[in-house]
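> just to be clear, the model below is a prediction. Sequence and coordinates:
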Amino acid sequence: MRFTPYACLFTLLTAGTAVRATPLSELAGNMQPGQWAKLPTQNLPQVLADGGASGHCLPFSDGAAWDPTSRRVFYIGGDHDGDSERFLSWTDNGASTWVREPHPWVLSGSVNQNHSYDYQAIDTAGGYYYYRTDRYDISAGTWSEITESGLPSFHRGHSAWEYFPGKGLVAIGDGGVWLLADGASTRRTLAERAELDYTGPINTDPVAEYNPVHDVLIFGGGDESNTLYKMGRDETFTRLGTPPIAEISCGPWGTVLTVDPVSGMYLALDKAANFYQYDVTTDTWALLTDQPQPVPHFDAYFLDSTKINNVVATPVSTYGVTLFVMWNYDESAVWLYKHAPFDGPPDGDVIPDPPQNVAVE
């Protein structure tokens, strides 16, 4: 069931809660399908900057997380030979300021790979943000560990993690696929590597992305691999067709893989700034060449044409767009992309007042 902005506003007013429009809601509401727009935010270059090899904390990662209840973006990451992993957040309010949050890890500068790979996941119904087996209670602002689950202790970069709503936390590594079900204290094996007939190096920089529209999870890839699988709610696995991208991974030679929260199309941005959509219902890929504003906006952010090392993304279900965070020194920025017409958020999301007149850059 979907609500129009005015229906949502009526619901909010009758509940005695007033929510004002924000720069994000207004900008997204004025965008057309296929359009990109820059979202002004504060303090982004400062929180992304890192003293390591790349100079920022986005390398070896492709995702962030959006929480529709608190209307916040969360991200954890770090650089080669840089500072410790940093926990960043941005709140959809008038201030629009990125902040560095306190976190429970104490990692020395001698740790040379503080990357987040595809470790981040979110349980929007439960109000939890996951970083592997560390869980952040969003409303309480506290972390806890779930290591008693028996989930594998992978080496860095050798796993991907995703939350499957109504099921639990899914861990994907070289040995197979595991599930820590909601409320459970021990893991359950869903599939072994041999059962998947997997031929690629799934143990290095794999990806996993849940699709809230079609209620499936796609995963796989890794360094020099583009082998992908689909997992359904019934825990059946399907090997998917070969993508037109040579490497699907969260490494610098791979892709940024995300999903449009409205149409359910997966979106993939590769190291050459090619932008694709993937229809999981038909197992078909398409290069997006007829967009009103195609990839020229990205040119300034691709500092090395052989890599995609400075971009992460998250679907923003509340407003029907995808949010991209891009590092480019003082020109670092947040971009929104709208893929499909948006009639209103899914159940559980709340949007502010209908947007007013806002120009899209």
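Right, received. Where do you want to start? Since this is a predicted model, take the numbers as computed values, not measurements.
> now Tyr75: closest residue in space that isn't a chain neighbour?
Nearest residue to Tyr75, sequence neighbours excluded (CB to CB, 6 or more residues apart in numbering): Ala64, at 4.2 Å. For the C-beta atoms, the positions are set from N, CA and C on the backbone; glycine is no exception.
> surely that neighbour meets Ala313?
Yes. Between Ala64 and Ala313 there is a contact at 6.9 Å, judged by CB atoms under 8 Å.
> which neighbours do these two have in common?
Residues within reach of Ala64 and of Ala313 at once, by CB atoms under 8 Å, 6 or more residues apart in numbering, are 323, 325.
> among those two, which residue is more densely surrounded?
More crowded of Ala64 and Ala313, by other CB atoms under 10 Å: Ala64, with 25 against 22.
> tell me the contacts of the nearest residue to Ala65 once chain neighbours are set aside?
Nearest non-adjacent residue to Ala65, counting by CB to CB, 6+ apart: Ile122, 4.1 Å away. By CB under 8 Å, 6+ apart, the residues touching Ile122 are 65-67, 74, 128-130, 163.
> tell me which element Ile122 falls in.
Using DSSP states H and E, Ile122 sits within strand 120-123.
> can you pull the pLDDT of Pro152?
Predicted confidence (pLDDT) at Pro152: the value is 58.
> show me what Trp90 is bridged to.
On the basis of DSSP bridges, Trp90 is bridged to Val73, Trp98.
> that one touches Glu101, doesn't it?
No. Counting by CB under 8 Å, Trp90 stays clear of Glu101, with 10.5 Å between them.
> looking at these two, which is more packed in?
Shown here are Trp90 and Glu101; by other CB under 10 Å, Trp90 has more neighbours (27 against 14).
> confidence score at the more buried one?
97.
> ditto for Ala37
So Ala37 comes in at 91 (pLDDT).
> reduced to three states, what does it come out as?
State at Ala37, reduced to three classes by DSSP: H, G, I helix; E, B strand; the rest coil: strand.
> what's the neighbour count on it?
Burial measure for Ala37: 21 neighbouring residues, criterion other CB under 10 Å.
> and it, how far is that from Asp279?
25 Å (CB to CB, to the nearest Å).
> and the residue nearest to Tyr75, what is it in contact with?
Contacts of Ala64 (CB under 8 Å, 6+ apart): 73-75, 120, 312-314, 323, 325.
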